[in-house]
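Visitor: next one to model:
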Amino acid sequence: MHRYGIVVYRSSEDDAFVAEAPQLPGCMAHGTTQEAALREINEAIRLWIDTSRELGNPVPEPEDGRSMVAQA
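Guide: Presented below is the predicted three-dimensional model:
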């Protein structure tokens, strides 16, 4: 499990839940449920970090690790 903050929200346009890790630019995932989106974002975070390291780019330190679910 990663310690990055995660934002989860419902996208009616995509008919899915979207999860973002705001500290990691472009790191997003989606799922049919909040739980599925959270599982997917954890994998996306791992891949984002691995790719950044492979490319020699910096990986930001996690700020606070809080998660938030937004209902619309």
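Visitor: count of residues packed around V8?
Guide: The number of residues packed near V8 is 21, by other CB atoms under 10 Å. In this view, the C-beta of every residue, glycine as well, is placed from N, C-alpha and C.
Visitor: do I have it right that it meets A21?
Guide: No. In terms of CB atoms under 8 Å, V8 does not count as a neighbour of A21; the distance is 10.6 Å.
Visitor: the bottom helix or strand of the chain by mean pLDDT?
Guide: Within the chain, no helix or strand scores below strand 67-70, which has a mean of 56 by mean pLDDT, DSSP states H and E.
Visitor: ramachandran angles for the residue nearest to L24 when sequence neighbours are not counted?
Guide: Of all residues not flanking L24 in the chain, W48 sits nearest, at 4.9 Å (CB to CB, 6 or more residues apart in numbering). The phi/psi pair for W48 (degrees, to the nearest 10) reads phi -60, psi -50.
Visitor: need the contact list for W48.
Guide: Residues near W48 by CB atoms under 8 Å, 6 or more residues apart in numbering: 21, 24, 26-27.
Visitor: switch the residues you listed over to a markdown table; also include neighbour count, distance to I41 and secondary structure.
Guide: Output for the contacts of W48, formatted as a markdown table (neighbours: other CB atoms under 10 Å; distance: CB to CB, whole Å; DSSP: H, G, I helix; E, B strand; the rest coil):
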| residue | neighbour count | distance to I41 | secondary structure |
| --- | --- | --- | --- |
| A21 | 24 | 6 | coil |
| L24 | 20 | 10 | coil |
| G26 | 8 | 12 | coil |
| C27 | 19 | 7 | coil |
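Visitor: with pLDDT and distance to P58 added, can I get the residues you listed in a markdown table?
Guide: Shown next, in a markdown table, are the contacts of W48 (pLDDT from 0 to 100; distance: CB to CB, whole Å):
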| residue | pLDDT | distance to P58 |
| --- | --- | --- |
| A21 | 94 | 15 |
| L24 | 96 | 11 |
| G26 | 96 | 15 |
| C27 | 97 | 14 |
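Visitor: quick one: low-confidence parts of this structure?
Guide: For the chain, the stretches flagged by pLDDT under 70 are 1-2, 64-72.
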